[in-house]
Structure formats: C-alpha cells, structure tokens
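Chemist: Sequence and predicted model, in that order:
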Amino acid sequence: MATALRNLAPADAARIEIEAFLEANQKKSLLRFITCGSVDDGKSTLIGRLLYDSKLLFDDQLAALHSDSRKAGIAGDGLDLASLVDGLAAEREQGITIDVAYRFFATARRKFIVADTPGHEQYTRNMVTGASTADLAVILIDARQGVLTQTRRHSFLCRLLGIRSLVLAVNKMDLVGYDRARFDEVVEDYDAFAREAGIESFTAIPLSGLNGENVTRRSDAMPWYDGPSLLEHLETVEVAPRRAAEAPFRMAVQWVNRPDQNFRGYAGRIASGRVRVGDEVAILPAGTRSTIARIVTFDGDLAEAGAGRSVTLTFADQVDCSRGDLIASPDGAAEPASRLAATLVWMAEEALVPHRTYWLKIGTSTVSASLGAPGAVIDVNSMAERPAATFGLNDIGRVEIDLDRPVPAVRYEENRRLGGFILIDKLTHETVAAGLVEHVSAGSGRRVGAPRSEAGEILWIGGSGTTDRAACAARVAARLKVGGRNVFLLDDEALDGLIAGLGNDEVARAETVRRAREVALLMSRAGVDVVLEIDARSDEAWPGRLIDPSQAEREGADQWVI
Amino acid sequence: MNAPASFTRDRLTHLEQLEAESIEIMREVVAETERPVMLYSVGKDSAVMLHLARKAFFPAPPSFPLLHVDTTWKFRDMYALRDRVAAESGMELIVYRNPEAERLGINPFDHGALHTDMWKTEGLKQALDLYGFDAAFGGARRDEEKSRAKERIFSFRSASHRWDPKNQRPELWSLYNAKKGPKETIRVFPLSNWTELDIWQYIYAEDIPIVPLYLAAPRPTVERDGLLLMVDDERFPLRDGEVPVERSIRFRTLGCYPLTGAIESEAETLAEVIQEMLVATTSERQGRAIDRDGGGASMERKKQEGYF
Ligand SMILES: Nc1nc2c(ncn2[C@@H]2O[C@H](COP(=O)(O)OP(=O)(O)O)[C@@H](O)[C@H]2O)c(=O)[nH]1
C-alpha cells in the first residue's frame, strides 16, 4: 500500500505526505468477503498471497514464513504462502470447534475482512456462518477439474445467504498452460449452472495463486484476458448494494437510553434506509406513530443518518417503545409476525425435536418459538428437496414457526439484518440453528401470550418424579375447586385417545406435549382452569405457569394458586 | 466521527463501520447481561474501547464500571493516565490487586511466569467473582496473532472461568447469543475486527488520549534477553555490569514495565508512529515476554486458564 512512503526518510516532506496519506486512508471503504473452496483448491495459498502482496505482514511473521517454507522443503525463493493462514490444525486435533477464521488486509482503497472457512466435516455450518456477514464470495475452482459438485454447493449456499456478488476464481491456470480455451470452457459450464440456479451474474477471473498471476497484478502469462486482477476487482466492486440505502428506514431498538427525566433516547443500528429529523415513523409491533425529534451521537446531533450507523433517536412525543421494537418508515416497512415460514440451517449435533420450543432471536427481540413439523430438506449438492422427519447437523430445510408474541419481521431477501434469526436451545443455551425468514404472517389469530380476563388458568406441574407430580397436581386441582373454579386435570390418562399410537420416543413425547397444550388452550378459552400433569420439560411449559412440586411443598402450596 | 450535521454520504468508511459495529456489540451486552464490566488495561486498545463505550451510551455515561486488574508493576505513566481518563469518563474505576500476590511480593524479576499467573490470571478471576460480573469487555483483536483469528466476539467461560473450546457458539449476522447458565461468564471482544493500523488511525482521527510511552522519547533503558527494557523506577534490579543507557524508544504494546520490550524509534508524533508501522517492523506481541515462554501454543494455554 505505502510503497511510495517506504523509500522516504522521516523528514518533513514525509511528514506532510503521511498526513495526506492518513487523510486519504480515513476514507477507505470496507469489504467483507468469503472464500469458498474444497481442500486443495488453493484457498490458503490464495489468501496467503493476498496478505503477502498487500505487504501488511510484519517482520516476525515473514521470518516465520521463510523458516516454515524451508522446513516444508520448498525450493528456491518459493514461499509456503498457505502457512500464513494455517494454524488451525492444532485446534482441530484438540477437537476445538472452528467455524470461521477471519483475516485482515488492506490496500490504499479498501480494508478487507476475509472469512475463511476451514474443514469439510462441518462445511455447511461453517460456510453459512462466514457467508452471513459477507458482501461478496470468491468461489475457487481448480482449472483442471472444472465445475464440481462442491462448486454448486458453495454457490447455492452463497445465494441462500444473500450474497449477490460472486467471483469465480479459476485457479491453478499454470497447470493448464494458461490456456484460454480451458478457461472459457469452465466459465461456460458455470454459466449454464448459474442460470439454472438463479444466479444473476458473476465475474470470472483466471489466476494462479501460487505464481501470483492475476491475484494482485495483471498477468503477463495470460495476455488474452483483459479483465481486472482479483485484487483490482475486490477494490472496485460496488459493495453495500444501493438496495439497503434505498429501502425503507428500519432500526431495531437495542437499548433505551434514559439517563434522567429529561432524556429518553432509543439506541440502535440502522438496518436499512435513511432517517431525517422530522420524519414520521411507526413503532412496531404496536404500530404507534411518532416523529423523529433528534438524531443524537457523541459527535453532535445529525440531521439525517443512513444504513449501517449506530445512532440514538428521540421522539417528538411520549410513546411506548422498548428493546425489541422496530422503528420504521410508516408505509409497511415491516409486519408484526407471530408465525414465520423459514429456511433453517441446523447447526447442532442434537437433531431438531418437532414441537419443542426454542428461544428465537431476531433483530433485537428474543421470543419463545415453537417449531412445526419439518418440511422438506434441501440437498445442497443437487438442490433437490426431500421430505424429512427431523433436521440433523448441517441439514437445510423448511419449517413453520409459531412465536409466543408478535415480533417485527421482514423477509430475509429484503433485509439480512432483520430477516435472519438464530434458534437457541433453552436448556443448553447452544445456538442450534440459523434461520432465514421466507414468509411472514400475523398467525392463526390465537394470542397465546395475551391473557383474557375470563380465560382459565393453565398450570403445568413440573418435575420428573411421577408420584410427586401426581400428588402435587391433585392438591392444586383440589384447591382451585375449593375456590369455586371450574377445573380440569389433564394427564396422560385424559389424553389417552389423543395420543394413542404415538410411540414413546422423544419425538412422541414432544408431540404429546404439543397436543396437551392445544387442548389446554381450548379449555382455557372456554373458561376452564387446566392443570397439566404430563412429562413436559420446563421450557415446554407454556403458556401459563409452571409449578415445581418440590418448591410448592416447601412454600405450603398456597401463594401461587391464588 | 466528527460527521458534519448535514451528513449525506451514502457509504460509511471502514472506520465508521468498525465503530458502528463495536457500538452495536456493546449495547447488546448491556441489554442482555446482568452486570457487565469493562477491562481497562490503559493500553491503546483499551483507550479505543473506552472511547467507543462513551459513544455507545451518550449522552449517558456507560452504566458499567472500568476494572483495572493491577499488578503494581505497570509504567508510572499508565497509572497517571488511568486515573485521569477514568475521572473524565464519569465511570466508576475499580482497581483490583490479588491480595495473595501482594502479600507474597510477587514480581516479574524473581517469579517469572508466576507473576502473570497470580497477578493477572488469578487477579482477574478473583475480581470477577468478588463483584459478580457476568460479562467482561476485553480489547483483544483477531489480527494480533494467528490463533486469535477464529476467536468469537462473545467467548464463553465456565463457572471456573475456563475457556471451553468445545462450547463456543457460531456467530451469524450481528445476532449474538448471550444466554448463559448461572455462574457462567462471557468475555466480549468488541474490537475483534480492528487491526493495529485501524486502532492507530482511529486514535489519530478521534484524538484519543494515550499513554505518552507510545511516542518516542529519550528514556533510560537496558538490553536484556533480547528485549529493550525501560528502567521505570528504582525497583528495577540491575544485573552486574548493566548500566542504564538513554535511548530514543517507544512501545507498541504496554504491560508490566519489566516484561515489555521497547523499540528504538524517532517517531515522536502519532503520524510518525503510523508511518513506521506501515514500514512494518515486528508484530506487536513480539514485545511482550508473556508469549515467549512455552512457544506458540502459550497464548492458547493462557486463554484456557482464564487469562486474556
Ligand atoms: N500449480 C499450482 N498449484 C497451486 C496453486 N494454488 C495452490 N496450489 C497448490 O495446491 C495445494 C493446495 O493448496 P492450499 O492453498 O493448501 O489449498 P487449500 O486446501 O484450498 O487451502 C498446495 O500444494 C499448493 O501449493 C496454483 O495456482 N497453481
């Protein structure tokens, strides 16, 4: 980057130059990209080459590079560039989960963050994680092998995660004699596939990572190619598609800033569009309207602010707004949704349990979510769909999700920041899946979270000891009856006809809970108090209240009933 | 970033994006954890992290305290800046010193690796337990060394503060899963995606106060075991034949003065420091003795033990 500066003595002229350089450097943009390739396609060599040629390596790293290269027996001044980005082997041996390693380099125009996804075992999970924040993907192909199944898989995942800028890096051109015909053939193959896969456009570059041809400089070995080198393309390609800037204004509220009575600000990062002082906005999911009074930052108030900025907004009038709400343009920028149709990427060793409830984090809301039966699983290699009873690690499939209260949501296609979500296991707190919102709806109309005055109570008796549970349930039911309530004790026996033939594995158990919940909801609506005495996990015990028999015993079983 | 009031540019610069991302991370932590704290080591990364925290919660001061896990062996200039900056930020400053290390007089000259273990590793665990902090911001960056490249932004620790490599969560988009069990804690690294150059540029652009030791000046030094050490106070035991020599030096990283190597430099201004950086010298961890014992895997080991 600073080749010109390198030769200057730290004299006054240099000082002026460095200051000018810093000013210019201040205006750099940022590009996040992901590199996709299978083992041995030359991914590490290519990234190493970018780091090496952008000259942001330090002496000790260089020294290590030269000594590693000697150890590896690489002849002449050939460097083992791949060793610059390795360093994950040890972790792999220790069984450390590595999903993505991030590398950094910069040129005079741009700073780059590279998401490097190692390993093939967990490939889908890793790639999806890396791709979730990438603006662009470099898809590596070995020129000798051409378009392979994995090329299709990489492209499919990139497109699924919303990456619109694709670079087809046809690598190891030195091994096919820098042959134009071979390059054209590979590009033609890919083009046919891309059309089929709905990929609108891509940029193909012939290169040799090993020799540095068309990586950071244009190649003399391929005079027939008149496009940019990979780095030139990365430096100049349009990022942060205008879409985000032109889309309606949306900002999820992260934090209500209330230092004293006189100030109440709503802090968040703008997900799309622009906001100006005086704009009318809607606060979702409630739908309340207000007007932006100030856009507050540490560096002074702004008149307007656009996507990507972290700001604090204030309203002209007092309205209810809290973490999880979405401040948005009033014209249908988002809908409150209690039911989502989504594509899930399953990331946990433990498979999905249908109808179990998970935490779902979307935007800045975290809600309890109940997964419907898994729909089709998509084969990442052929893109064909097949029915599935559950999702296992690395499966991608469709599912319907019911939320316990409405959240503001938009489709992933429209906005990655607000249409992507994660599922969290309520017991282990593991992130078990990544989700993409495909379709949003207000739900089936039942407001499970909103208690109605005439509705009956729903009480879940927890604990795994069956005797304890039964005794506790009987006591609770008796007390309610004494209080004049209409009570129904819902246990396995009462459910008998509804769960006949379900079997007795974990899936059957979760399904039993779901059916019991539906029955309880209906009865509650009819004004009946329901005491559920079934084998439910604490995170499944909703809506209503969970009573722990051991706790209830100690407290005299009084306070909680009334 | 001193943006004009009528800001109309569509695209954010790289520093603006890094800033916005770090602020977003800090707000998530404050919203989702019970009792966060910011580890403040007085170095340049801490300086940037603190500055970002003040931006994130403006006009309120950040609601969490600063925690300095002290070893009593920091440079004098560091203590001076720490107290000044904490007062300016309006935040509570907690200084914690491991009483056991204090009692035993643990020091870097006589106790080698034990110095770091007791003052820093143990000290940090004790402080987190004592105050019941469940989330701690740290200023580590992914570009510091190869093994950090895959570190998460939210890094989970067991109840005994151990880093469980098998229990780290994938991080998608900007959705951070901060759910944790009782007694589990999180280390959060809001500067993960910053490079050393970004840090310097940001300090330059935002005029953030830093310890003067980062800029070159004539200082008393001795050369020992390949490190250029500064004789910061009378506690420095000179070996036979060692005579402090005045050299123009600066530091790329600051820790305990007897463990932190300086580099010879004439860069007296920030701009000159950045210029020297661009002419790439040695990566910053070289100056720290801590990474040397035990070879390359030692950072990883320290992390598993609960050291940052
Ligand atoms: N001839 C040739 N070999 C290459 C090229 N790029 C990488 N290689 C070699 O291919 C092998 C695998 O490369 P590496 O970068 O480790 O691949 P990775 O597994 O995708 O990270 C190594 O032996 C490299 O030297 C290239 O452009 N030309």
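Modeler: The structure has been received and is ready for your questions. Residues are numbered from 1 along each chain as shown, chains lettered A, B, ... in the order given.
Chemist: and residue A:151, what element?
Modeler: helix A:149-160 (DSSP states H and E).
Chemist: which residues in the stretch 51-200 of chain B form strands?
Modeler: B:66-69, B:93-96, B:135-137, B:154-157, B:185-188 (DSSP state E, counting those that start in this stretch).
Chemist: Is it possible to get CSV of these that adds distance to residue A:141?
Modeler: C-beta coordinates here come from the backbone N, C-alpha and C atoms, glycine included. Converted to CSV, the strands of the stretch 51-200 of chain B look like this (distance: least, CB to CB, whole Å):
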stretch, distance to residue A:141
strand B:66-69, 50
strand B:93-96, 55
strand B:135-137, 42
strand B:154-157, 35
strand B:185-188, 38
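Chemist: Would you tell me which strand is longest in the chain?
Modeler: Using chain A here. Looking across chain A with DSSP state E, the single longest strand is strand A:396-409.
Chemist: if you could check chain B rather than the one you did, that'd help
Modeler: Chain B, longest strand under DSSP E: strand B:217-224.
Chemist: List the beta-bridge partners for residue A:34.
Modeler: Applying DSSP bridges to residue A:34 yields these beta-bridge partners: residue A:115, residue A:137.
Chemist: neighbours of it, just the number please.
Modeler: Close neighbours of residue A:34, defined as other CB atoms under 10 Å in any protein chain shown, add up to 28.
Chemist: Around the ligand, which positions in the stretch 51-200 of chain A sit nearby?
Modeler: A:82, A:171-172, A:174-175 (CB under 6 Å from any ligand atom).
Chemist: And these, which is closest to residue A:413?
Modeler: Nearest to residue A:413 among these: residue A:171, at 30.9 Å, using CB to CB.
Chemist: Please work out the average pLDDT along the longest strand of chain B.
Modeler: For strand B:217-224, mean pLDDT is 94.
Chemist: which other helices and strands contact that strand?
Modeler: Where contact means 3 or more CB pairs under 8 Å, 6 or more residues apart in numbering or on different chains; DSSP states H and E, strand B:217-224 is packed against strand B:227-230, strand B:245-250.
Chemist: hmm, back to that, where among the strands of the stretch 51-200 of chain B is average confidence lowest?
Modeler: Mean pLDDT, when computed for each of the strands of the stretch 51-200 of chain B, is lowest for strand B:154-157, at a mean of 92.
Chemist: and that one, which residues are buried?
Modeler: By neighbour count on 16 or more other CB atoms under 10 Å in any protein chain shown, the buried set for strand B:154-157 is B:154-157.
Chemist: Nearest to residue B:212, out of the residues you listed: which one, please.
Modeler: Relative to residue B:212, the closest of the buried residues of strand B:154-157 is residue B:155; by CB to CB it sits at 31.9 Å.
Chemist: In a markdown table, list the residues of the stretch 51-200 of chain A next to the ligand along with neighbour count.
Modeler: Below are those laid out as a markdown table (neighbours: other CB atoms under 10 Å in any protein chain shown):
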| residue | neighbour count |
| --- | --- |
| A:82 | 20 |
| A:171 | 28 |
| A:172 | 22 |
| A:174 | 17 |
| A:175 | 14 |
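Chemist: Going by distance to residue A:265, which of these wins?
Modeler: residue A:82 (48.9 Å).
Chemist: Return the helix or strand in chain A with minimum mean pLDDT.
Modeler: helix A:3-6 (a mean of 41; mean pLDDT, DSSP states H and E).
Chemist: could you point out which element follows that one?
Modeler: Counting by DSSP H and E, what follows helix A:3-6 is helix A:12-25.
Chemist: Please write out the alpha-carbon positions of that next one in CSV.
Modeler: What follows is helix A:12-25 as a C-alpha-only set of coordinates in CSV (Å, rounded to 0.1, in the frame of the first residue of the first chain):
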residue,chain,number,x,y,z
ASP,A,12,9.4,17.0,6.9
ALA,A,13,8.3,16.2,3.4
ALA,A,14,7.5,12.7,4.6
ARG,A,15,5.5,14.0,7.5
ILE,A,16,3.3,16.1,5.2
GLU,A,17,2.9,13.1,3.0
ILE,A,18,2.0,10.8,5.8
GLU,A,19,-0.6,13.2,7.0
ALA,A,20,-2.1,13.4,3.5
PHE,A,21,-2.0,9.6,3.4
LEU,A,22,-3.8,9.4,6.6
GLU,A,23,-6.5,11.8,5.4
ALA,A,24,-7.0,9.6,2.3
ASN,A,25,-6.9,6.5,4.4
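Chemist: confidence score at residue A:106?
Modeler: 87.
Chemist: Equivalent analysis for residue A:97, please.
Modeler: The model's pLDDT for residue A:97 equals 53.
Chemist: now residue B:233
Modeler: Reported pLDDT for residue B:233: 85.
Chemist: Secondary structure of it: a helix, I assume?
Modeler: No: using DSSP: H, G, I helix; E, B strand; the rest coil, the assignment for residue B:233 is coil, not a helix.
Chemist: and it, what does it touch?
Modeler: B:76, B:257 (CB atoms under 8 Å, 6 or more residues apart in numbering or on different chains).
Chemist: Distance check, it against residue B:244.
Modeler: Noted for residue B:233: a distance of 12 Å to residue B:244, by CB to CB, to the nearest Å.
Chemist: Kindly report the same for residue A:126.
Modeler: 52 Å.
Chemist: more crowded one of the two?
Modeler: Taking neighbours as other CB under 10 Å, residue A:126 and residue B:244 compare with residue A:126 leading, 26 against 14.
Chemist: ok, and does stretch B:91-100 reach over to chain A?
Modeler: No: between stretch B:91-100 and chain A, judged by CB under 8 Å from any CB of the partner chain, nothing touches; the nearest distance is 13.1 Å.
Chemist: May I see the buried residues of that stretch?
Modeler: So stretch B:91-100, judged by 16+ other CB under 10 Å, has buried residues B:91, B:94, B:96-98.
Chemist: can you give me how far it is from the chain middle?
Modeler: Centre-to-centre, stretch B:91-100 and its host chain are 16 Å apart (CA atoms, centre = their mean, to the nearest Å).
Chemist: Tell me the spacing between the residue in the stretch 451-562 of chain A that the ligand sits nearest to and residue B:184.
Modeler: Among the residues of the stretch 451-562 of chain A, residue A:506 lies closest to the ligand, at 38.8 Å counting by CB to the nearest ligand atom. With distances taken as CB to CB, residue A:506 is found 26 Å from residue B:184.
Chemist: and of the buried residues of stretch B:91-100, the nearest to chain A?
Modeler: Nearest to chain A among the buried residues of stretch B:91-100, counting by CB to the nearest CB, is residue B:91 at 13.1 Å.
Chemist: Could you tell me which residues of the stretch 101-250 of chain B lie near chain A?
Modeler: Close to chain A, as judged by CB under 8 Å from any CB, the stretch 101-250 of chain B has residues B:142-143, B:146-147, B:149-150, B:165-175, B:177, B:179-181, B:192-193, B:195, B:197-198, B:201, B:204-205.
Chemist: Any buried residues in stretch B:37-45, and which?
Modeler: B:37-45.
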